[in-house]
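Novice: Dropping the sequence and predicted coords here.
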Amino acid sequence: MKRVLILNGPNLNMLGLREPDIYGEHTLDDVKGWCIERGQQLGFDIDFRQSNHEGELVTWIQEARGTIDGLLINAAAYTHTSVAIHDALKLLDIPIIEVHISDPKKREEFRHISYIEPVASEVVAGEGPKGYLLALEKLGEL
Ligand code: CA2
């Protein structure tokens, strides 16, 4: 089994509870369930986490060094601000897929910059919550 870590940033615990027009009606727990199921089909052991704290995400990325085989990350708003997460991701030498439910490049200008993109192998954006599954499939190909 390949070990895959899926990290979710701030406010994604609110998924399905507000702004369904942008993020859909499924909860983060639904997404976790789908990822675990698809992961089993792909031979991935999925560790799915969410945090509202930048430092906690950085610590989890550091702990992933040498312990996981692939990373999916939706850093949420930290995508557009966090040099700390960018630097932590640079320490990993495994495939990293950046995933977003919406397409930030088609939204407000402040969402157009991503500090994750330069260190990611691939980006999946604008595919709704099912984009996590597309990202897992891409990881399987890498
Ligand atoms: O589209 C994405 O996946 C985002 O990463 C979501 C972030 C946003 O800051 C990024 O620009 C794009 C926001 C996550 C907040 O999620 C909520 C979901 C439901 C209700 C409220 C917030």
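Specialist: Noted; the coordinates are in hand.
Novice: contacts and neighbour counts: CA atoms only from here.
Specialist: Fine.
Novice: Correct me if wrong, but Ile68 is in a helix.
Specialist: No: counting by DSSP: H, G, I helix; E, B strand; the rest coil, Ile68 falls outside a helix, being coil.
Novice: quick one: it from the ligand, how far?
Specialist: Remark: distance between Ile68 and the ligand (CA to the nearest ligand atom, to the nearest Å) = 22 Å.
Novice: Ok, Leu71 next?
Specialist: Taking CA to the nearest ligand atom as the criterion, Leu71 is separated from the ligand by 15 Å.
Novice: now that residue, what's its secondary structure?
Specialist: The three-state label for Leu71, taken from three-state DSSP, comes out as strand.
Novice: For Lys90, see how far away it is.
Specialist: Leu71 sits 12 Å away from Lys90 when distances are taken as CA to CA, to the nearest Å.
Novice: Pick out whichever of the two has more residues nearby.
Specialist: When Leu71 and Lys90 are compared on other CA atoms under 10 Å, the one with more neighbours turns out to be Leu71, at 25 against 17.
Novice: Looking at strand pairing, list the partners for that one.
Specialist: Note on Leu71: beta-bridge partners Leu5, Ile96, judged by DSSP bridges.
Novice: Contact partners for it?
Specialist: With contacts defined as CA atoms under 8 Å, 6 or more residues apart in numbering, the neighbours of Leu71 are 4-7, 94-97.
Novice: Likewise for Asn13?
Specialist: Contact criterion CA under 8 Å, 6+ apart gives 27-28, 50 as the residues in contact with Asn13.
Novice: Strands - which of those residues land there?
Specialist: Of the positions in the contacts of Asn13, Gln50 sit in strands, assigned by DSSP state E.
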